[in-house]
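In: have a look; sequence and predicted model below, questions after that.
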Amino acid sequence: MKVTVKKKDNAVAVPISTAFIKLESAMKLANIVISGGSAKVEIQEGYVLVNGEVCTMRGKKLYPGDRFSYEGEEFVITDGAS
């Protein structure tokens, strides 16, 4: 017998009204850093995951559906225009 387990999505939505958002801007928008400078440091130190992988590119473009994690909390980029 095959059992399918659905994981509850506890990711915090980060709505954007543009086609994409840069990672450091998404972190500021989600209120997890106080400035772009602090976002830059956290990203370059490897503390941020994008779609499950460590990302050290602060200018990484995130599109609706992309996910990023910081300090154990997960965020998902959503289309805020809809």
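Out: Perfect, I can see it now.

In: then the longest strand belonging to the chain to PDB, C-alphas only?
Out: Secondary structure of the chain per DSSP state E: the longest strand is strand 73-79. The C-alpha trace of strand 73-79 is given here as PDB (Å, rounded to 0.1, in the frame of the first residue of the first chain):
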ATOM      1  CA  GLU A  73      12.100  30.200   8.900                       C
ATOM      2  CA  GLU A  74      10.900  29.700   5.300                       C
ATOM      3  CA  PHE A  75       9.600  32.400   3.000                       C
ATOM      4  CA  VAL A  76       7.900  32.000  -0.400                       C
ATOM      5  CA  ILE A  77       7.700  34.700  -3.100                       C
ATOM      6  CA  THR A  78       4.100  35.200  -4.200                       C
ATOM      7  CA  ASP A  79       2.500  37.300  -7.000                       C
END
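
In: name the helices or strands packed onto that strand?
Out: Judged by 3 or more C-beta pairs under 8 Å, 6 or more residues apart in numbering; DSSP states H and E, strand 73-79 is in contact with strand 12-16, strand 67-70. Every residue, glycine included, has its C-beta placed from N, CA and C.

In: and of the ones you listed, who's closest to Val50?
Out: Taking C-beta to C-beta, strand 67-70 is the member of the helices and strands packed on strand 73-79 nearest to Val50, at 4.9 Å.

In: partner strands of that closest one, parallel or antiparallel?
Out: strand 48-50 (antiparallel), strand 73-79 (antiparallel) (DSSP bridges).

In: average pLDDT for the first one?
Out: The pLDDT scores in strand 48-50 average 97.
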